[in-house]
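> Got a predicted structure plus its sequence, pasted below:
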Protein chains: 2
Amino acid sequence: MEPLRRAALVDAAIAEIGRVGSLDVTVAQIARRAGMSSALAHHYFGAKEDMFLAAMRHVLTLYSAEVRGALAVAEGPKGRLKAVLVASFGPANFRREAVGAWLNFWVMAQTVPQAKRLLAVYQRRLRSNLLVGLRPLAGVRAAAIADGLGALIDGLYLREVL
Amino acid sequence: MEPLRRAALVDAAIAEIGRVGSLDVTVAQIARRAGMSSALAHHYFGAKEDMFLAAMRHVLTLYSAEVRGALAVAEGPKGRLKAVLVASFGPANFRREAVGAWLNFWVMAQTVPQAKRLLAVYQRRLRSNLLVGLRPLAGVRAAAIADGLGALIDGLYLREVL
DNA sequence: TTTTTTGTTGATTGACGAGTCAATAAACTT
DNA sequence: AAGTTTATTGACTCGTCAATCAACAAAAAA
C-alpha cells in the first residue's frame, strides 16, 4: 500500500496546490482528494512539508525524464537545443496543475533549504543541457547565452502561470 | 496619524514578507515591526489582505515612478529602451525586501483578483514602454520582441530572488 | 489459532492567528 | 467645561489546522 498511497498523495498535493494557487492547502484537503483520511496522510508522510517536498521532487523528476527523452532522439547541436526547449514547454509541464504548483515551489525554495537545493539541481541541469547544444554553435559565448535562455524559459513560464 | 500609520504598515509588511519569504506573515508581526499593536493595524486596514494589496500597490508605484524618471531623460529609441531596462533592474527594485515581496505578490495574484489586476496593469505598462523604444528599431516585429523581452526581465528577476 | 504486522480512521489536543470589542486616553470643538 | 471625534490597546472569541493517539480491521506469519 505504501507506494500507492504516497503516489496518490503526491498527485493530490500537486493538483490541490495548483487548484488553490498557493501553499495554503490543508492536509485534510489533499487527503480527501487522494481518497483517504488526513490521519493516514500523516502516517505515510511524517509532516506536511515532507509531502510538499515529495511533490516537488516528483514534478522535477517528470521534467527531467521529458528532457532526457527528447535529447535521446535529437541530432546535432541545433537539434539538442530544440529538444530542451520543446521539452520545457511540452504538455507535461503545462498540465494545468503542475503549472500552478511550480510557482509555489519557488516560494517554498525561499524558506525550505531542501526545496532550494532541489531547485538548484534543476537549474544546473537545465543550464548544462543548454550548454551542450550551445557550445558548438556559440563557442565562448555559450555560457552567457545559456544563462539568458534559462531566465527566458522561466520568465515565459511565469507569464503562463497568470 | 492615519497616513503615517498606513505607510508604516505598508513598509513593515513588505519588509516582513521579504524577510520570511512568504505570505505566511502574521498581522501581529507586521504591526510590531511598525511599532504598534495588531488591533491598530486592523483599525487602519480592515483586513490583512487589504494591507497586502496596499503593499503591492506601493511597490508597483515605486517601480512606475522609476521608469517614468528614467524615460524622461532618455534620448532616442535606443535610449528609451535602455531606460526601461535600467529602471527595471535599478536599485529600488533590488532592495532586498522588495525582491522577496515580488514573488509573493505573484502568488497572491493567483488567488486575489485585485492583485491579478494590479499585476496586469504593470505588465501592460511595461510592454507599452518597451514598444515605444522598439517600434522604430524593429517595426512589425516589435510586438513579439517586447513580449519576449518582458518575459526575459521577469525571468532574470526570478533568478535573482533565489 | 493465536500473534504480529500493516492499514485505517474518528476524535482529540494544542497552538496559533484574524478579527472584534470594550475601555482608556488624548486631542480637538463648541 | 462638557462633549465629540480620533488614537490606541489588552483581552477575548472563534475558527482552523497540523499532528497525535487509541482503537479497530484485516491480512500475514507463527
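The structure has been received and is ready for your questions. Since we're looking at a predicted model, the values are computed, not measured. Numbering: from 1, shown residues only, chains lettered A, B, ... in the order given.

> Okay, and A:Ala55 sits in which element?
According to DSSP states H and E, A:Ala55 maps onto helix A:48-72.

> Give the next helix or strand downstream of that helix.
Beyond helix A:48-72 in the direction of the C-terminus, DSSP H and E gives the next helix or strand as helix A:76-88.

> Kindly export the lowest-mean-pLDDT helix or strand in chain A (C-alpha atoms) in CSV.
Of all the helices and strands that make up chain A, the one with the lowest confidence by mean pLDDT, DSSP states H and E is helix A:96-111; it has a mean of 88. Extracted C-alpha coordinates of helix A:96-111, given in CSV (Å, rounded to 0.1, in the frame of the first residue of the first chain):
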residue,chain,number,x,y,z
ARG,A,96,-2.8,22.8,-15.6
GLU,A,97,-2.0,21.5,-12.1
ALA,A,98,1.8,21.4,-12.5
VAL,A,99,1.9,25.0,-13.8
GLY,A,100,0.2,26.3,-10.7
ALA,A,101,2.4,24.2,-8.4
TRP,A,102,5.6,25.3,-10.0
LEU,A,103,5.4,28.9,-8.8
ASN,A,104,4.6,27.8,-5.3
PHE,A,105,7.6,25.6,-5.2
TRP,A,106,9.6,28.7,-6.0
VAL,A,107,8.2,30.3,-2.9
MET,A,108,8.9,27.2,-0.9
ALA,A,109,12.5,27.4,-2.0
GLN,A,110,12.8,30.7,-0.3
THR,A,111,12.2,29.2,3.1
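
> how about it: buried residues?
The neighbour-count check on helix A:96-111 (16 or more other C-beta atoms under 10 Å in any protein chain shown) flags A:97-110 as buried. C-beta coordinates here come from the backbone N, C-alpha and C atoms, glycine included.

> Return the closest of those with respect to DNA strand C.
Distances from DNA strand C to the buried residues of helix A:96-111, taken as C-beta to the nearest atom of the strand, are shortest for A:Val107 (16.6 Å).

> For the nearest residue to A:Val86 once chain neighbours are set aside, give me its contacts.
With sequence-adjacent residues excluded and distances taken as C-beta to C-beta, 6 or more residues apart in numbering or on different chains, A:Val86 is closest to A:Ala70, at 5.8 Å. The contact partners of A:Ala70, taken as C-beta atoms under 8 Å, 6 or more residues apart in numbering or on different chains, are A:83-84, A:86-87, A:90.

> returning to that earlier point: same question for the helix holding A:Ala55: list its buried residues.
Buried residues in helix A:48-72, counting neighbours by 16+ other C-beta under 10 Å, are found at A:48, A:51-60, A:63-64, A:66-67, A:70-71.

> by how many degrees do that helix and helix A:96-111 diverge?
120 degrees (axes from the mean of the first three to the mean of the last three C-alpha atoms, to 10 degrees).

> Can helix A:48-72 be said to contact DNA strand C?
No: applying C-beta under 7 Å from any atom of the strand, one finds helix A:48-72 separated from DNA strand C by no less than 12.3 Å.

> Helix A:76-88 and that helix, what's the angle between them?
Between the direction of helix A:48-72 and that of helix A:76-88, the angle (the same axes, to 10 degrees) works out to 150 degrees.

> do helix A:48-72 and DNA strand D meet?
Yes: counting by C-beta under 7 Å from any atom of the strand, contacts between helix A:48-72 and DNA strand D involve A:48-49.

> That helix - what's its average pLDDT?
Averaged across helix A:48-72, pLDDT comes to 94.

> Surely A:Ala143 touches A:Leu149?
No: applying C-beta atoms under 8 Å as the test, A:Ala143 and A:Leu149 come out as separate, 10.8 Å apart.

> Settle it for me: which of the two has more neighbours?
Set A:Ala143 next to A:Leu149 and count neighbours by other C-beta atoms under 10 Å in any protein chain shown: A:Leu149 wins out with 23 against 15.

> Skip the chain neighbours and tell me the closest residue to the more buried one.
A:Leu130 (5.6 Å).

> Which pLDDT value belongs to that neighbour?
A:Leu130 is assigned a pLDDT of 94 by the prediction.

> Ok, the one 10 residues further on next?
What the model reports for A:Val140 is a pLDDT of 94.

> mind checking the SS state of it?
Reducing the assignment to helix, strand or coil with DSSP: H, G, I helix; E, B strand; the rest coil, the entry for A:Val140 is helix.

> Now A:Val59: closest residue in space that isn't a chain neighbour?
Taking C-beta to C-beta, 6+ apart as the measure, A:Val59 lies nearest to A:Ala98, with 5.6 Å between them; neighbours along the chain are not counted.

> Likewise for A:Leu81?
Distances taken as C-beta to C-beta, 6+ apart put A:Gly133 closest to A:Leu81, at 3.4 Å, once the chain neighbours are dropped.

> And for A:Ala146?
Computed as C-beta to C-beta, 6+ apart, the closest residue to A:Ala146 that is not its neighbour in sequence is A:Leu130, at 4.2 Å.

> can you tell me which helix or strand the one you found belongs to?
Assignment of secondary structure by DSSP H and E places A:Leu130 within helix A:113-138.

> Okay, buried residues for that helix please.
Within helix A:113-138, the residues scored as buried using 16+ other C-beta under 10 Å are A:115, A:118-119, A:122-123, A:126, A:129-135.
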